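Peer 1: Would you be able to build a 3D model of this:
(one chain, ligands or ions: 2)
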Amino acid sequence: MKVSNPLNIRGFRIYKDFLDRKEQSDLVKNIRNVASDAPFVSPITPSGKPMSVRMTSAGSVGWVTDRDGYRYQAHHPSGSPWPAIPQDVLDIWNAVSGVSRQPDCCLVNFYGQDARMGMHQDKDEGAFEWPVVSISLGDDALFRMGTPTRGGSTESLWLTSGDVVVMGGEARMVYHGVDRIRFGSSSLLPKNGRINLTLRAVDL
Ligand code: SIN
Ligand code: FE2
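Peer 2: Numbers count the residues shown, from 1 in each chain. Ligands and ions are numbered 1, 2, ... in the order given. Predicted structure coming up:
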């Protein structure tokens, strides 16, 4: 982990190249273990629209969405508890979050060729004083940052494998999303695509 001065865009703290190649491939191994206990699912939004990312979680709670709404829950849709958050992932939180509170959820998003994430706020956590920490692995992603209200001005930045973004303070409730990925731009994942890990503290 290379803790140097982050970029600051609209309060988003962006640590470019935070993880070296070995740290990235070790994380991928950990995520494969998570996904073997808690398989990726293709979720739908509460209105029934399929999401383009595939998702799973680790932690005491996982983030899920289906016809019953967006929420955190203690079980995978299969009914099994979520696996623990890998220690390597907690180490990254502890290096950049600036808080001693530990995260409750590590959401794992997989972006295939045409996946994207519409502009949204992270607002299901029940408490917003804790930062959100996001880790990028694999293909490049065009990350868009807006304002605390929908439809404001935006700025975009390409996130590459090993980058870590901290959304805290004024950035905690800022709209953000991923417009597209550059499929095949990284050699980290043998079949390409992008993994994003999002760490959050959740008070239910
Ligand atoms: C998200 O905000 O839910 C995902 C961000 C990312 O994939 O980089
Ligand atoms: Fe988000």
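Peer 1: can you pull out the helices in the chain?
Peer 2: Taking DSSP state H as the criterion, the chain contains helices spanning 21-37, 87-96.
Peer 1: CSV for the ones you listed, including mean pLDDT?
Peer 2: Output for the helices of the chain, formatted as CSV (pLDDT from 0 to 100):
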stretch, mean pLDDT
helix 21-37, 98
helix 87-96, 98
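Peer 1: Once you drop chain neighbours, what's closest to the residue in the chain positioned nearest to ligand 1?
Peer 2: The nearest approach of the chain to ligand 1 comes at N196, 3.4 Å away (Cβ to the nearest ligand atom). The way it works is simple: take the backbone N, C-alpha and C, and place the C-beta from them, glycine included. Leaving aside its chain neighbours, N196 sits nearest to N109 (4.5 Å; criterion: Cβ to Cβ, 6 or more residues apart in numbering).
Peer 1: if we can go back for a sec, so in terms of bridging, what pairs with the residue of the chain closest to ligand 1?
Peer 2: When bridges are called by DSSP bridges, N196 pairs up with N109, S136.
Peer 1: Quick one: neighbours of it, just the number.
Peer 2: 22 (other Cβ atoms under 10 Å).
Peer 1: Y111 is in contact with that one, correct?
Peer 2: Yes - if you go by Cβ atoms under 8 Å, N196 and Y111 touch, sitting 7.0 Å apart.
Peer 1: Overlap of the contact sets of the two?
Peer 2: Shared contacts of N196 and Y111, defined by Cβ atoms under 8 Å, 6 or more residues apart in numbering, are found at 141, 178.
Peer 1: what does the chain put close to ligand 1?
Peer 2: The chain has residues 109, 117, 134, 136, 141, 143, 159, 176, 178, 196, 198 near ligand 1, with proximity defined as Cβ under 6 Å from any ligand atom.
Peer 1: For the residues you listed, which single residue is the most surrounded?
Peer 2: Per-residue neighbour counts (other Cβ under 10 Å) across the residues of the chain next to ligand 1 peak at S136, which has 27 neighbours.
Peer 1: which ones are touching it?
Peer 2: 159-165, 194-196.
Peer 1: swap in G98?
Peer 2: Contacts of G98 by Cβ under 8 Å, 6+ apart are 131, 166, 168.
Peer 1: Quick one: buried ones out of the residues you listed?
Peer 2: Taking 16 or more other Cβ atoms under 10 Å as the criterion, what is buried in those is 131, 166, 168.
Peer 1: Let me see the confidence value for the residue nearest to the last one when sequence neighbours are not counted.
Peer 2: In this structure, G168 finds its nearest non-sequential neighbour in P131, 3.0 Å apart by Cβ to Cβ, 6+ apart. In the prediction, the pLDDT value recorded for P131 is 98.
Peer 1: so who does P131 touch?
Peer 2: P131 sits in contact with 97-99, 166-169, 172, where contact means Cβ under 8 Å, 6+ apart.
Peer 1: swap the cut-off to 10 Å and go again
Peer 2: P131 makes contacts with 13, 93, 96-99, 101, 103, 165-169, 171-172, 199-201, as judged by Cβ atoms under 10 Å, 6 or more residues apart in numbering.
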